[in-house]
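Colleague: pasting the sequence and the predicted coordinates here, then a few questions.
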Amino acid sequence: MVRISDQEANLLGHTYTRLVQEKVIEGVKHVKNGSKDFEIYYLKEIVKDSNVKKIRFQLINEYNLSDEMVNKLMFVIKFSEDNHNLIKGCKNFISLYNKGNAPANDEALNYWQDFIVNNTYFGSLLKPLLDISTQFKSKVESDSQLLEDLFSNDSINLDLNDTSLILEY
């Protein structure tokens, strides 16, 4: 098991954010093949055997990460990909809550959503909204159950054709 301190996690997060900013976001304008050349910086692509050597070289030489820190970053990415597809869960979370696109297969999102909300910056921004949504759903379920119990009780008979309770003006 790889141990990563909070300081190391911050460094890795910051470095990956810089990598994406410089190689992907800014790179689209300046890369010969446009978006095709920056696909190797996607998390699912970084750990592919064909990309590891190039990415490792860049992280050490352009971003001043130590070999040990690069190993830790690669471990976290690979672990996240292999462990109930955390990477896909994060991608689905951002797609749903940033772009409004519901994933076709939400298994990874359902598995990881609470973790993402409680342990990521973007998740923490949405936590108050998701808490309200959860409270609302709980209230609706509670009220639905109450109505179901009320109308399933044999002692209450409602005759919808009975107009005796309607007041005339």
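Modeller: Arrived safely. Please read all numbers here as calculations on a predicted model, not as lab measurements.

Colleague: for this structure, which helix is longest?
Modeller: Looking only at the chain and at elements set by DSSP state H, the helix with the highest residue count is helix 121-152.

Colleague: I'd like to know which elements that one is packed against.
Modeller: Based on contacts counted as 3 or more CB pairs under 8 Å, 6 or more residues apart in numbering; DSSP states H and E, the elements that helix 121-152 packs against are helix 86-94, helix 107-119. Where you see a C-beta, it was placed from the backbone N, CA and C, and this is true even at glycine.

Colleague: angle of that helix against helix 107-119?
Modeller: Following axes from the mean of the first three to the mean of the last three CA atoms, to 10 degrees, one obtains 110 degrees for the angle between helix 121-152 and helix 107-119.

Colleague: show me the shaky parts of the protein.
Modeller: Judged against pLDDT under 70, the low-scoring parts of the chain cover residues 27-36, 153-169.

Colleague: now do the host helix or strand of Ile55: everything it contacts.
Modeller: Secondary-structure assignment from DSSP states H and E places Ile55 in helix 49-61. With contact meaning CB atoms under 8 Å, 6 or more residues apart in numbering, helix 49-61 is reached by 15, 19, 23, 40-41, 45-46, 65-67, 69-70, 73-74.
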